[in-house]
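Trainee: I'll drop the sequence and a predicted model, then ask my questions.
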Amino acid sequence: MPLPDITQRYVRVTRTGVDGFVEFDFIVSDEDLTVELILPEAAFSEFCTTNSVTVIRNLDRGSSPTKGQGLLQTVK
């Protein structure tokens, strides 16, 4: 099995609050490698720039461009 391309990084914003915080999923290479994070808006912008992310506009989990590229595979 090939190694994941860890240079592929995605952000899916799940909520922006009036309190100035952004809740988002940070995905590395595949949706199986997802971390939920909360940052102030300025830190979120810096995080996205530093990590060269692609922003996923669709809020539905399981519908990202990374789905199925998989580190984890189903064995039948």
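Mentor: Good, I have the coordinates.

Trainee: tell me the secondary structure for T49?
Mentor: helix (DSSP: H, G, I helix; E, B strand; the rest coil).

Trainee: what about it, distance to L37?
Mentor: As judged by C-beta to C-beta, to the nearest Å, T49 and L37 stand 15 Å apart. To be clear about C-beta, it is placed using only N, CA and C from the backbone, and glycine gets the same treatment.

Trainee: what is the burial count for V11?
Mentor: A total of 19 residues lie near V11 under the criterion other C-beta atoms under 10 Å.

Trainee: so I56 touches V11, yeah?
Mentor: Yes. Here I56 reaches V11: they are 6.8 Å apart, a contact under C-beta atoms under 8 Å.

Trainee: look at T49 and L37 and report which has more neighbours.
Mentor: L37 (15 against 9).

Trainee: please verify my assumption that that one contacts F24.
Mentor: Yes. Counting by C-beta under 8 Å, F24 is a contact partner of L37 at 5.9 Å.

Trainee: next, I38: phi, psi?
Mentor: Backbone torsions for I38, taken as degrees, to the nearest 10, come to phi -130, psi 130.

Trainee: which ones are touching it?
Mentor: Counting by C-beta atoms under 8 Å, 6 or more residues apart in numbering, I38 makes contact with 21-24.

Trainee: ok, 7 Å please
Mentor: 21, 23 (C-beta atoms under 7 Å, 6 or more residues apart in numbering).

Trainee: can you check P40 too?
Mentor: 20-21 are the contacts of P40 under C-beta under 7 Å, 6+ apart.

Trainee: any weak-confidence spans in this structure?
Mentor: 58-76 (pLDDT under 70).

Trainee: can you pull out the helices in it?
Mentor: 41-51 (DSSP state H).

Trainee: what's the burial count for the closest residue to D5 other than its chain neighbours?
Mentor: In space, and not counting its chain neighbours, D5 is closest to S29: 5.4 Å by C-beta to C-beta, 6 or more residues apart in numbering. For S29, the neighbour count with other C-beta under 10 Å is 18.
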